[in-house]
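Visitor: A predicted structure for the sequence below; I have some questions about it.
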Amino acid sequence: MTADRASIRADVFVIGGGLAGLRAAAAARRAGRDVVIASRGRAGAGGCSVRASGGFAAATDPADTPRDHCMDTLSGGYGIGERELVRRMTEEAPARLGELAAEVDGFARHDGRLQGAPAPVHGFPRSVQYLPGMPRLLACLRDQLERAGVRVLDRQRCVRLDREAGSRVRGLWLFDERTLALRYGSAGAVVLEGGGCGRLYPVTSNGSDATGDAFALALDAGCALRDMEFIQFTPTAFAAPASVRGRTIVGTLLTLPGVVLTNSKGERFMGRYDPDRMERADRATLARAVAEEVLAGRGSPNGGVFLDVRSVPSAELDRHRPGFHGFCREAGLDPATELLETAPSAHTCLGGVAVDGEMRACAGLYAAGEAAGGVHGANRLSSNSLIDALVGGWRAGKSAAASCVKPVPEPAGEAPPVPARGQWDPAGLLADLRRVMGDRAGVVRSGEGLSVGLREVAEIGKSMRSLAGRGVTDPGKWLDLLGLIATAEGILTASLMREESRGAHCRRDFPTPGEDAWIGSIHLTRHGGKLSARFLSIDNAT
């Protein structure tokens with residue numbers, strides 16, 4: 001593998017081309033900085049943002065307030081969201097969303113005002129939809145950035161952050177997916193986006209690029225991860241047909257009167273799990289309920305349950321979620337006459353890089369979007385992911401622009417090792433890893449299973465390192481496996497340490513919340529190749 005030590009220079013380097021990365025770049029550019037975006041795919045066309053339904057939670061209703069939004073988010077996160085981060089997100093949400101809506105047409109409005117729709121657990125109708133869809137929004141934002149002078153490097157994957165021990169992050173190494181060459185990028189500051197790790201699981205709503213890269217990069221740079229035990233499984237993803245398995249059916253449909261979940265016996269089962277809210281329960285409760293029905297033998301043929309929307313007028317479904325019927329038709333389904341088979345799908349990593357109020361992970365490094373942890377706690381409310389990316393991305397870019405130093409052209413260390421082309425295909429080990437995580441760290445977990453999972457992941461890691469010397473059929477897949485193994489170890493370690501059930505983390509051997517003893521965050525760091533974990537009470541968590 002060739003390495004080019006001649007650097008690409010930028011005041012601010014943004015890693016990742018999703019919504020958080022694009023807004024970080026916009027904020028840094030508006031501050032007058034020279035900005036480069038490096039994306040492992042095509043910036044604006046990959047990651048989790050482009051697959052989102054387009055709902056942005058913000059207090060735009062005259063009766064709503066940012067404080068109400070904050071309290072809903074903290075309560076919905078089972079009390080362990082980082083209060084300062086949540087407060088900042090909800091306070092800044094209306095202004096940031098207003099700015100975005102002024103730049104790009106297409107947000108839902110009524111009488112000229114941004115109009116929110118109901119969303120589960122939110123106390124007010126605050127899910128403001130971008131009606132043309134996220135691919136169009138992101139494409140517009142990318143076009144604006146390029147016209148403003150931001151350099152965009154597609155298919156350039158960050159494989160290491162350059163940081164001397166105890167000092168600031170000063171650059172990064174990029175792997176060119178086309179030429180397979182390594183190149184150094186020197187930076188005055190770096191914003192880390194590109195979160196997500198859904199490819200760890202057999203069924204996921206995430207794309208093929210959600211491989212935990214941001215988490216592995218931060219750990220290797222000496223930063224902490226937090227809340228990695230909380231993997232949100234969206235309860236209403238398609239279980240069948242195979243062509244759409246894992247794709248999400250918008251959860252906000254569950255707020256409509258007449259929409260119900262049933263099991264293989266035809267029972268409306270949510271009364272067993274949340275008799276007050278029923279289908280309007282939070283995502284963690286819904287996903288756990290579906291998993292329990294399947295484990296009890298009352299599941300659908302493809303490992304899920306059934307979503308029944310037959311009693312809801314088609315016009316109402318279309319008004320609430322434009323495109324729903326079109327997507328069903330493409331999948332060969334008719335929601336007016338048949339039940340839709342749904343199952344939990346790995347959707348969002350609620351944890352991530354530990355950051356402060358300015359989105360700083362360490363000197364010279366900032367994180368935003370799904371790469372950063374702290375906002376969602378143990379459960380994420382619908383439509384809070386995009387507003388988190390929007391607000392957090394802007395603040396990270398603004399902070400990076402204010403703190404950047406003169407880029408140093410020479411890297412502090414050697415180029416990272418990437419295997420050359422050869423005969424070994426990493427796909428087999430990747431399949432093994434996904435099976436382990438589905439079995440050991442899915443919706444419902446146990447201490448015994450998590451311990452076994454840690455040993456199995458360690459063995460997969462050993463095999464990966466020993467086989468890499470032969471050369472690999474696809475170095476990109478090897479890098480996928482590298483990031484996913486590091487992330488899997490973090491998820492399993494934190495899940496084993498948290499001996500309770502809370503939100504998206506469900507332990508069969510500890511089936512209830514641990515009350516005040518577990519109101520806090522598990523932080524993970526790596527030293528000398530060994531992962532360590534410590535629990536910080538909520539008052540002490542950063």
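Guide: Nice, thanks for sending it over.
Visitor: need the helices for the stretch 401-542 of the chain, in chain order.
Guide: Here the stretch 401-542 of the chain has its helices, by DSSP state H, counting those that start in this stretch, at 427-440, 447-468, 475-497.
Visitor: where does the residue nearest to residue 192 when sequence neighbours are not counted fall, phi/psi-wise?
Guide: Counting by CB to CB, 6 or more residues apart in numbering, residue 192 lies nearest to residue 367, which is 4.5 Å off, once chain neighbours are set aside. Yep, even glycine has a C-beta here, placed from its N, CA and C like the rest. Main-chain dihedrals, residue 367, degrees, to the nearest 10: phi -140, psi 150.
Visitor: need the contact list for residue 283.
Guide: 120, 232, 233, 234, 235, 251, 379, 380, 382, 504 (CB atoms under 8 Å, 6 or more residues apart in numbering).
Visitor: any chance of those in CSV, plus secondary structure, pLDDT and distance to residue 309?
Guide: What follows is the contacts of residue 283, written out as CSV (DSSP: H, G, I helix; E, B strand; the rest coil; pLDDT from 0 to 100; distance: CB to CB, whole Å):
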residue, secondary structure, pLDDT, distance to residue 309
120, coil, 83, 16
232, strand, 93, 23
233, strand, 92, 21
234, strand, 87, 17
235, strand, 85, 15
251, helix, 67, 13
379, coil, 92, 24
380, coil, 93, 23
382, coil, 89, 17
504, coil, 94, 25
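Visitor: returning to that earlier point: for the helices of the stretch 401-542 of the chain, which one sits closest to residue 265?
Guide: For residue 265, the closest of those is helix 427-440, at 25.2 Å, according to CB to CB.
Visitor: quick one: contacts of that closest one?
Guide: Outside helix 427-440, the residues that touch it by CB under 8 Å, 6+ apart are 199-203, 449-450, 452-453, 456-457, 460, 463-464, 467, 477, 480-481, 484-485, 488, 491-492.
Visitor: residues of that helix that come out buried?
Guide: The neighbour-count criterion (16 or more other CB atoms under 10 Å) identifies 429, 430, 432, 433, 434, 436, 437, 438, 440 as the buried residues of helix 427-440.
Visitor: any idea how far residue 493 is from the fourth one?
Guide: Meaning residue 433. Separation of residue 433 from residue 493 (CB to CB, to the nearest Å): 15 Å.
Visitor: residue 142 - how many residues pack around it?
Guide: 22 (other CB atoms under 10 Å).
Visitor: re the thing from before, give me the pLDDT for the residue nearest to residue 192.
Guide: Here, the pLDDT recorded for residue 367 equals 98.
Visitor: wait, it sits on residue 214?
Guide: Yes: with contact defined as CB atoms under 8 Å, residue 367 and residue 214 form a contacting pair (7.0 Å).
Visitor: those two: who's more crowded?
Guide: Set residue 367 next to residue 214 and count neighbours by other CB under 10 Å: residue 367 wins out with 35 against 29.
Visitor: OK, contacts around the more buried one?
Guide: 191, 192, 193, 214, 218, 352, 353, 355, 359, 361, 396.
Visitor: could you verify my assumption that the first one touches residue 398?
Guide: In other words, residue 191. No: in this structure, residue 191 is not within contact of residue 398 by CB under 8 Å, at 10.1 Å.
Visitor: can you check which residues contact both of those two?
Guide: Joint contacts of residue 191 and residue 398 (CB under 8 Å, 6+ apart) are residue 28.
Visitor: more crowded one of those two?
Guide: Between residue 191 and residue 398, counting by other CB under 10 Å, residue 191 is the more crowded of the two (33 against 21).
Visitor: and that one, which helix or strand is it part of?
Guide: strand 182-192 (DSSP states H and E).
Visitor: quick one: strands adjacent to that strand?
Guide: strand 3-15 (parallel), strand 169-176 (antiparallel), strand 365-367 (parallel) (DSSP bridges).
Visitor: out of those strands, which is the most enclosed?
Guide: strand 365-367 (a mean of 33; mean count of other CB atoms under 10 Å).
Visitor: distance from that one to the middle of the chain?
Guide: 16 Å (CA atoms, centre = their mean, to the nearest Å).
Visitor: let me know the pLDDT of the closest residue to residue 164 other than its chain neighbours.
Guide: Closest residue to residue 164 apart from its sequence neighbours, by CB to CB, 6+ apart: residue 412 at 4.6 Å. At residue 412, the model reports a pLDDT of 85.
Visitor: and residue 412, what does it touch?
Guide: 162, 163, 164, 167, 170, 171.
Visitor: same deal with residue 405?
Guide: Contacts of residue 405 by CB under 8 Å, 6+ apart are 168, 188, 189, 364.
Visitor: likewise residue 457?
Guide: Residues near residue 457 by CB under 8 Å, 6+ apart: 433, 436, 485, 488, 489, 492.
Visitor: residue ranges with poor pLDDT in the stretch 251-400 of the chain?
Guide: 251 (pLDDT under 70).
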